[in-house]
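K.L.:
Give me a 3D structure for the following:
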Amino acid sequence: MHLAIEQELMRAMKTDDGLTRGRGITDRTRAKWILEIPQSVPICSVLENFCETRNITSEQHVELHSSRHSSVSMEDELHHYSRPASASRTKLEKNVRGTCSSKTSNGMLDVASFRRSLKLLGLELEDSNKEHHDRGKKKLALSCRPAPTMCTRVLRRTYSLSDLLGSIQDPTLLHTQDGLNRESLAKAVYEEWYFKKLREARQKKEQQTLEQVEGQTKKEKVQEEKIRKSEINFSKWKQMKKNEKKSEQCVELKVPQNSSCNTSQSFSAKQEKINSAFLSWKQEKAKELRKKVLEDKNKRKAVEDKRKEDEENKAAANTAFQMWKSKTDEVLRLKSEVQERKKKREEEKKKKDMQEKKENARSSFDAWKRVKDEQLKNKSAEEKLANERRTREKHVRQNERLYESEQAFEEWLDHAEEKFFPRQNKKQGLRSQVQPWVPC
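P.N.:
Next up, the predicted model:
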């Protein structure tokens, strides 16, 4: 994308004096061109995400860019040791190189030009000298951005931030500072952004870790509460069972003192009671079994009836569907036959109309051709007669001109003879009798 932009700008963009940039464009020009059309930014990002690629500057233009900036820096260094050039030569050098060759191109710019970058570092500039600030913005707009660098990981801060803070520590000197190192400012901004993002990432990771620990602790507490409740319920149930068993044992061991003589009677009565209870239980069980069998039978019958009803409904629905399908197929067949006949009639009518049109066109063409041939024949005959007439008229005109020329020649000859030979009347008479020669 950037390569296409560079090629387009190389063909289209010009400098202030009309000289084209023959060796590519600068990063400032390209960034300015891209930022002037914000619609291109989401398009470029979508294209990069879709193609899973990243748009970078071509190696050729990166080399040209680096070589151009190295030449500019070398010229600026030599500029300090030479006498200052005139305004016209400076302007010419700027137009030829396509870069800014002012006194601020050596990496030093006004402090007010970096207002936004300093704001990222937490340093606010005062608006006391707005004119100076506007001039600094203009200088920044005319400056050339350095080539992009790859810095993936920073382990510690460099001295760039401390140098920057030391150079602008006094607020009164912010607008009177001679210059500011661009590289130090760029490093300071990058390091501030990098460590800020690093702190945010660490805080986010710690927050996620705390949330995970809290969730795990909460789950463990819920599990422990469930285990405790289940143990309490089990102990209650166990105690209840123990109490029931103890009460049953007490009832069995409790025997009246005066029943030693009636042991056999009580045993027989107890046995009869047990037998009657067993018979009643057996009868109840038989009733329940018969009831359950009847319920199962009724359930199976209901299921069978429902299955038969479903099969009958399905068969009826299938029959109705087949009838509807046959009727629909018949209607569609008749409709398709009608459409085919209609289409066939339309095609036949179209062919007939086309044949009639062709015959009419052929007859019209034949009639037109006959008329045209007759006209051409008449025209050729007329042209032939006209040519013959013109030829005859031409011959007549030629004969007339020849006769007139002969008469003029004879008159001139007579005049010449009378003038130069007045005594030769006899020869003159003889000559007048002789006819002049006429070319055939």
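K.L.:
what's the distance between Gln283 and Ser276?
P.N.:
According to CB to CB, to the nearest Å, Gln283 and Ser276 sit 11 Å apart. (Glycine included, C-beta is placed from N, CA and C.)
K.L.:
should've said His395
P.N.:
Computed as CB to CB, the His395 to Ser276 distance reads 169 Å.
K.L.:
Same question for Arg389.
P.N.:
In terms of CB to CB, Arg389 sits 161 Å off from Ser276.
K.L.:
and what of Tyr194?
P.N.:
95 Å.
K.L.:
neighbour count winner among those two?
P.N.:
Tyr194 (15 against 10; other CB atoms under 10 Å).
K.L.:
Please report phi then psi for that one.
P.N.:
phi -60, psi -50 (degrees, to the nearest 10).
K.L.:
Model confidence at it, what's the number?
P.N.:
As predicted, Tyr194 sits at a pLDDT of 84.
K.L.:
How is the protein divided into domains?
P.N.:
What automatic domain parsing lists as the domains of the chain is 2-106, 338-423.
K.L.:
mean pLDDT for these: which is lowest?
P.N.:
domain 2-106 (a mean of 53).
K.L.:
Report all helices and strands that the strand or helix carrying Val331 contacts.
P.N.:
Assigned by DSSP states H and E, Val331 belongs to helix 263-420. For helix 263-420, the elements it packs on are helix 425-433, judged by 3 or more CB pairs under 8 Å, 6 or more residues apart in numbering; DSSP states H and E.
K.L.:
Quick check: mean pLDDT of the helix it packs on?
P.N.:
52.
K.L.:
next one: stretch 326-334
P.N.:
On average, stretch 326-334 scores 90.
K.L.:
Model confidence for Lys238, exactly?
P.N.:
84.
K.L.:
That should have said Arg300, apologies.
P.N.:
Reported pLDDT for Arg300: 89.
K.L.:
cool, Phe267 as well?
P.N.:
72.
K.L.:
Return the distance of it relative to Glu248.
P.N.:
19 Å.
K.L.:
cool, Arg341 as well?
P.N.:
99 Å.
K.L.:
got it, and Leu198?
P.N.:
75 Å.
K.L.:
Likewise for Lys221?
P.N.:
41 Å.
K.L.:
ok, Val189 - how many residues close by?
P.N.:
20.
K.L.:
Which strands and helices lie in contact with the helix or strand containing Glu192?
P.N.:
Following DSSP H and E, one finds Glu192 within helix 182-253. Judged by 3+ CB pairs under 8 Å, 6+ apart, helix 182-253 is in contact with helix 115-120, helix 160-167.
K.L.:
List the buried residues of stretch 401-420.
P.N.:
Residues Glu417 are the ones in stretch 401-420 that count as buried (16 or more other CB atoms under 10 Å).
K.L.:
Number the chain from 46, please
P.N.:
Yep, numbering from 46; the last one is stretch 446-465 now.
K.L.:
Alpha carbons of it, in CSV - could you do that?
P.N.:
What follows is stretch 446-465, C-alpha atoms only, in CSV (Å, rounded to 0.1, in the frame of the first residue of the first chain):
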residue,chain,number,x,y,z
ARG,A,446,-8.1,29.1,-80.8
LEU,A,447,-5.9,27.6,-83.5
TYR,A,448,-7.8,29.6,-86.2
GLU,A,449,-7.6,32.7,-84.2
SER,A,450,-3.8,32.2,-83.6
GLU,A,451,-3.3,31.6,-87.3
GLN,A,452,-5.2,34.8,-88.2
ALA,A,453,-3.2,36.7,-85.6
PHE,A,454,0.1,35.3,-87.0
GLU,A,455,-0.8,36.2,-90.5
GLU,A,456,-1.7,39.7,-89.4
TRP,A,457,1.6,40.0,-87.6
LEU,A,458,3.4,38.6,-90.6
ASP,A,459,1.8,41.1,-93.0
HIS,A,460,2.6,43.9,-90.7
ALA,A,461,6.2,42.8,-90.4
GLU,A,462,6.5,42.4,-94.2
GLU,A,463,5.0,45.9,-94.8
LYS,A,464,7.4,47.3,-92.2
PHE,A,465,10.6,45.6,-93.2
